[in-house]
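Asks: this is a predicted model, with the sequence first.
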Amino acid sequence: MPVPVETTLTADETQAWVGLLHAHASLVKQLDAELTSAHGLTVSGFEVLWRVGAAENGHLRMTDLAELVMLSPSGLTRLVDRLEADGMIERVACPTDGRAINANLTELGRRRLGEAQATHFEGVRRQFLSHFSDAEIGQLAKFWTRFAPNCE
C-alpha cells in the first residue's frame, strides 16, 4: 500500500534530516573513542563534568543537569553513579531545597575535566567545525539556538 504524499519528506528534507542523524552518530562515535582512549571518559561523562564545572557555584541540581545533557533522570543517575564511583562527582543535598540533590565536581573531577578538555575540543574542531567557515559556524549556532534554546 503506498504511503500518502503528505507524510513524505522532500529529497532535501530527507537529506537534511538523515544527514543530521548520521553526522551526530558518527561524531559521537569518533569523539567517544578519542576521549575513552585518552582519558577513560565518554562524551556523556565529559559533558556532565563540563556542565557541572561551568555552573554557577560549581554545582547543579540533578534535574537541571539531566535537562542540559539530554538524558532521562534514570540515565543521568546511572552515569553520575559511575562518575561518583570514580571519584569525580559527589552528590550533596541542596541547601535551599531539601528534596533536591546537587551534583558537585570533586578535585579529581576538576583535574580530569581539565585534562580531557583539550582532547575533546580539538576533536570537535577537527571532526566537525573544520568542515565549515566561520560564517557558517555562526549560522549553525543560530540555527541550533533557535531550535534548542538550552544548547547555549
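Replies: Good, I have the coordinates.

Asks: helix, strand or coil for residue 92?
Replies: Secondary structure, DSSP: H, G, I helix; E, B strand; the rest coil: residue 92 is strand.

Asks: quick one, strands of this structure?
Replies: Taking DSSP state E to define them, one finds strands in the chain at 59-61, 89-94, 97-105.

Asks: give the buried residues for the longest helix anywhere in the chain.
Replies: Using DSSP state H to assign secondary structure, the helix with the most residues in the chain is helix 11-39. Of all the residues in helix 11-39, those buried under the rule 16 or more other Cβ atoms under 10 Å are 31, 32, 34, 35, 39. Just so you know, the C-beta spots here come from the backbone N, C-alpha and C atoms, and that holds for glycine as well.

Asks: with distance to residue 132 and pLDDT added, can I get the residues you listed in TSV?
Replies: Below are those laid out as TSV (distance: Cβ to Cβ, whole Å; pLDDT from 0 to 100):
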residue	distance to residue 132	pLDDT
31	17	97
32	22	96
34	20	96
35	22	96
39	26	96
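
Asks: which of these lies closest to residue 125?
Replies: Minimum distance to residue 125 across those is 11.0 Å, recorded for residue 31 (Cβ to Cβ).

Asks: before we move on, the earlier item: which one of the strands of the chain is the most hemmed in?
Replies: Greatest average neighbour count among those goes to strand 59-61 (a mean of 20), per mean count of other Cβ atoms under 10 Å.

Asks: so what strands line up beside that strand?
Replies: Next to strand 59-61 in the sheet, as set by DSSP bridges, lie strand 97-105 (antiparallel).
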